[in-house]
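Turn this into a structure:
(chains A and B)
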Amino acid sequence: MSTPALISLLVAVGIVTYLYRYSMIGFFASRNLPGWLHALCRHIAPASFAALTASALFVPGGEVSIDPGPGTRASQHEQRAGAPPPAAGDE
Amino acid sequence: MTKHDRRSKWGEFLAGCRDEAPLQLGVVPFGMLYGIGALAAGMPAWLAQLASAIVFAGAAQLVIVQMLTATAGALPIGLTASLLNLRHVLYSASVADHVRHLPRRWRLLLAYLLTDEAYAVAILRYQSSRTGTGDGSTRPSGEDLGHWYFLGCGFTLWTCWQLSTAAGLLFGATIPPEWDIDFAVPLTFIALLALLLREPTGQAVALVAALGTLVFAALPYKLGLVAAILLGLLAGVWASSRRTKEQGAGR
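Next comes the predicted model:
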């Protein structure tokens, strides 16, 4: 990917992420949280971190793979040696 | 502002820094892993460092790097990273009630610092300071300085993330490949999870969400993570309502 394309991608992801982070803080700044959402909030942290942990540990190629694979130095050496990049799925 | 106020704000800020600090044991290798991976994926170093400030989300940054290495297109990468980060909407809802009394500039700043690691530590503090207030409509004294604590957590994490990214970019090539620093990623999340599992409902929620991750693992674009979190939330609502009914029946 060219550097300008990469910059655009990273800025876009950054903006989307910031909007996620501000979304509910902004929305509920001037109105009350409905009761059901208030009840749900207690469960958000355990649900999120359990899913992230399980994903990191058990899902092959999970969002944070613990196997040396794409993105590690092993693959860097492979690429230097002219090996084809790892298949990116079935396309 | 009185001298006392100033000192207690500073005290809250430092308490946030102190409570966030142990998590950095996992964050430092996590950030280095990202820096090393970014170079390997052909990202210019300055851009990799800038991304740590713009995106400021470790798991998403690692996925971007992994997908770049696998020569994926911009659209699938953007979509995957965006869906992976969707959980931040939930974090935002979770802290909304605690920061709504703040001036807008504070809310804008704290939103930027709302990462997994800062959220986990800050929300524990907010929730423990509100225990026993029923519907949460009354604000206990002392919580008004909670944003300084949150800022301390966010500041510590931000600084550490930038420095560890830089360390990965600068020294990554000198780290022997047999040093398997990949362990850091699950370690960080396990540490966060351990902080949160003190009550039975939280344990049930965590178990269901973890099982959900395995069930939904095949979904594309990391949708499985979002689905698993939602499943965990449903389990939490169900468990809470059952407990309320039991308490009602026992009366």
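
From now on I want contacts and neighbour counts done on CA atoms only, so please keep to that.
Fine.

Show me which positions of the helix or strand bottoming out on mean pLDDT in chain B end up buried.
Ranked by mean pLDDT, DSSP states H and E, the weakest helix or strand in chain B is helix B:184-196, scoring a mean of 80. Of the residues in helix B:184-196, B:184-193, B:196 count as buried by neighbour count, 16 or more other Cα atoms under 10 Å in any protein chain shown.

from the residues you listed, which single one is nearest B:A41?
Nearest to B:A41 among the buried residues of helix B:184-196 is B:V185, at 18.8 Å by Cα to Cα.

B:E178: neighbour count?
By other Cα atoms under 10 Å in any protein chain shown, 6 other residues sit near B:E178.

does it belong to a helix or a strand, and which?
Assigned by DSSP states H and E, B:E178 falls within no helix or strand.

What are the phi and psi values at it?
phi -70, psi -10 (degrees, to the nearest 10).

Would you map the helices across the chain?
No chain specified, so I'll use chain A. Using DSSP state H, the helices of chain A run over A:3-27, A:35-58, A:73-80.

wait, I meant chain B there
B:3-20, B:24-40, B:45-54, B:58-69, B:74-84, B:87-99, B:104-112, B:116-130, B:146-171, B:184-196, B:200-215, B:223-249.

Need these in JSON lines (columns: distance to chain A).
Formatted as JSON lines, those follow (distance: least, Cα to the nearest Cα, whole Å):
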{"stretch": "helix B:3-20", "distance to chain A": "16"}
{"stretch": "helix B:24-40", "distance to chain A": "5"}
{"stretch": "helix B:45-54", "distance to chain A": "5"}
{"stretch": "helix B:58-69", "distance to chain A": "5"}
{"stretch": "helix B:74-84", "distance to chain A": "6"}
{"stretch": "helix B:87-99", "distance to chain A": "4"}
{"stretch": "helix B:104-112", "distance to chain A": "5"}
{"stretch": "helix B:116-130", "distance to chain A": "7"}
{"stretch": "helix B:146-171", "distance to chain A": "12"}
{"stretch": "helix B:184-196", "distance to chain A": "5"}
{"stretch": "helix B:200-215", "distance to chain A": "5"}
{"stretch": "helix B:223-249", "distance to chain A": "5"}
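
Which of the ones you listed has the lowest mean pLDDT?
Comparing mean pLDDT over these, the weakest stretch is helix B:184-196, at a mean of 80.

isn't A:L40 right next to B:A235, touching?
No. With contacts counted by Cα atoms under 8 Å, A:L40 stays clear of B:A235, the gap being 10.2 Å.

More neighbours: which of those two?
Counted by other Cα under 10 Å, A:L40 and B:A235 do not tie: B:A235 has more neighbours, with 22 against 17.

and the closest residue in space to the more buried one that isn't next to it in sequence, how many neighbours does it have?
Among residues not flanking B:A235 along the chain, B:V205 sits closest, at 5.8 Å (Cα to Cα, 6 or more residues apart in numbering or on different chains). Neighbour count of B:V205, defined by other Cα under 10 Å: 30.
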